[in-house]
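Q: could you work out the structure for the sequence below:
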Amino acid sequence: QVQLVESGGGLVQAGDSLRLSCAASGRTFRSYAMGWFRQAPGKEREFVATMRWNTGSTYYTNSVKGRFAIAGDNAKKTVTLQMNILKPEDSAVYYCAAAESTCINYECNVASDYDYWGQGTQVTVSS
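A: Model (predicted):
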């Protein structure tokens, strides 16, 4: 069994920063990529950012480029998401996810590629 545990969410004002962290525990597993998705009330879960371990490449959805930064350690199976200049539209439950095998595309931005998911952490940005 693999567990992903997120931390670092909270309530902030527009323009503030937050840092989300995710750590994997349980059995050892090979990770091809780890990333973050988010889901706002009434909306579908959407891709935010990911890191592919084999190349160190990072990918972001357009709305967070230049504001968010993903980093991680494959050996420790940890990943962080530094979120700067937060906007009210960033409010959502943020989920950490890990993919064991190759993603369907280079961006690894498809949720079905991910095998393990955290329980989510709430991020609320007030205007």
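Q: spatially central residue in the chain, please.
A: Note on the chain: the residue nearest the mean C-alpha position is residue 36, at 1.5 Å, using Cα atoms, centre = their mean.
Q: what strand or helix carries that one?
A: strand 33-39 (DSSP states H and E).
Q: over to residue 21?
A: strand 18-26.
Q: identify the bridge partners of residue 126.
A: With DSSP bridges applied, residue 126 shows beta-bridge pairing to residue 13.
Q: could you point out the helix or strand that follows the strand or helix carrying residue 98?
A: Assessed by DSSP H and E, residue 98 sits inside strand 92-99. Downstream of strand 92-99, the next assigned helix or strand under DSSP H and E is strand 116-117.
Q: partners of that next one in the sheet?
A: strand 92-99 (antiparallel).
Q: got the buried residues for the partner strand?
A: Buried positions in strand 92-99, judged by neighbour count with 16 or more other Cβ atoms under 10 Å: 92, 93, 94, 95, 96, 97, 98, 99. From N, CA and C alone the C-beta is placed, and that goes for glycine too.
Q: quick one: those residues as JSON lines, columns for pLDDT and distance to residue 84 too.
A: Shown next, in JSON lines, are those (pLDDT from 0 to 100; distance: Cβ to Cβ, whole Å):
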{"residue": "92", "pLDDT": "98", "distance to residue 84": "16"}
{"residue": "93", "pLDDT": "98", "distance to residue 84": "19"}
{"residue": "94", "pLDDT": "98", "distance to residue 84": "15"}
{"residue": "95", "pLDDT": "98", "distance to residue 84": "20"}
{"residue": "96", "pLDDT": "97", "distance to residue 84": "19"}
{"residue": "97", "pLDDT": "96", "distance to residue 84": "22"}
{"residue": "98", "pLDDT": "95", "distance to residue 84": "24"}
{"residue": "99", "pLDDT": "93", "distance to residue 84": "26"}
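Q: farthest pair in those residues?
A: 92 and 99 (20.5 Å; Cβ to Cβ).
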